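Colleague: whatever this is, show me its structure:
(chains A and B)
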Amino acid sequence: MTPRKEKTVMKDTVVREAEEILSLHSGEASLLYSKFKALLHDYEKLLHKLDKVITISDKYQVQLMEKTDQLNSALAQLNQLKKIILPICMFCKKIRSDADYWQQIESYFAEHIEVMFSHGICPECMKEKYGELLANHKD
Amino acid sequence: MAPLDLQPTGSSPKVCFDPFTGILELSGDSYPENSFDFYTPVLSWLKEHLRETEALQVHFNIVYMNSSSIKCVLDILDLMEEAEAAGKKILINWYYDRENPRALDLAEEFAEDVGVPFHIIPVEG
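Modeller: Predicted coordinates:
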């Protein structure tokens, strides 16, 4: 586990006053005294739980906000791509990005929408490029 | 004893007890419109079950909880702690997405005050 941060829990005024009353009657073994002490204990536990709920809830909110930011940023990228018409070379399929710079389609997408390409060969290209070799191999 | 098998919805988690493995599982998101309505039967079932059983494992795999669900889960952890103090064999597994940097911190926050074996286990998101 990572080391936890030291927490400062403000002592509730009610608890402070109740402790004061208890200290004044600490010698008494009355039923009222023990009931009061038990109630104070429950109240302190409840306060601790409330503090815990707030702490955890705040952390969930931060997590949610971070996710929202990520989604908004992805949406902005998507909208940007939807609005543009990409100029593409009709022969080599490079994309013209800014300043008359022609970029490989793979690097363009990797840069702009974080899409990575994995290279393979489709059946048509396999036939066109290696058809003869494959035919010879079969023979 | 009545079985516990609540299927997940968009806003409430799956809550299911397998009597063969003795594992109670809570998984999914938890932000029902009224968490107390949702968790009250779960807490009642758990109290009754803990009276009858000697051992219980609870597996949590919850991604998001609203404030009232957090309170209810803390109540479940309190029940586990009371059962452990009464001599029952209790174990909690808390699964979290290893790719979510906040998830471990949240898991540790839940584990902080719990006095029963509490395993925080990373899983692939």
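Colleague: doesn't residue A:93 lie inside a strand?
Modeller: No: read with DSSP: H, G, I helix; E, B strand; the rest coil, residue A:93 is coil and lies in no strand.
Colleague: identify the residue nearest it in space, chain neighbours excluded?
Modeller: Spatial nearest neighbour of residue A:93, chain neighbours left out: residue A:105 (5.5 Å); criterion: CB to CB, 6 or more residues apart in numbering or on different chains. All C-beta spots, glycine's among them, are computed from the backbone N, C-alpha and C.
Colleague: pretty sure the one you found contacts residue A:95?
Modeller: Yes: the pair residue A:105 / residue A:95 is scored as a contact, 5.7 Å apart, by CB atoms under 8 Å.
Colleague: so which of these two has more stuff around it?
Modeller: Neighbour tally, residue A:105 and residue A:95, criterion other CB atoms under 10 Å in any protein chain shown: the higher count belongs to residue A:95, 18 against 15.
Colleague: that one pairs with what?
Modeller: Beta-bridge partners recorded for residue A:95 (DSSP bridges): residue A:88, residue A:103.
Colleague: got a list of what it touches?
Modeller: Contact analysis of residue A:95 by CB atoms under 8 Å, 6 or more residues apart in numbering or on different chains lists A:86-89, A:102-105, A:108.
Colleague: separation between it and residue A:75?
Modeller: 22 Å (CB to CB, to the nearest Å).
Colleague: same deal with residue A:89?
Modeller: When residue A:89 is compared with residue A:75 (using CB to CB), they lie 29 Å apart.
Colleague: returning to what we had before: so who does the residue nearest to residue A:93 touch?
Modeller: Residues in contact with residue A:105, defined by CB under 8 Å, 6+ apart, are A:88, A:93-95, A:117.
Colleague: out of those, which end up buried?
Modeller: If you count burial by 16 or more other CB atoms under 10 Å in any protein chain shown, the buried members of the contacts of residue A:105 come out as A:94-95.
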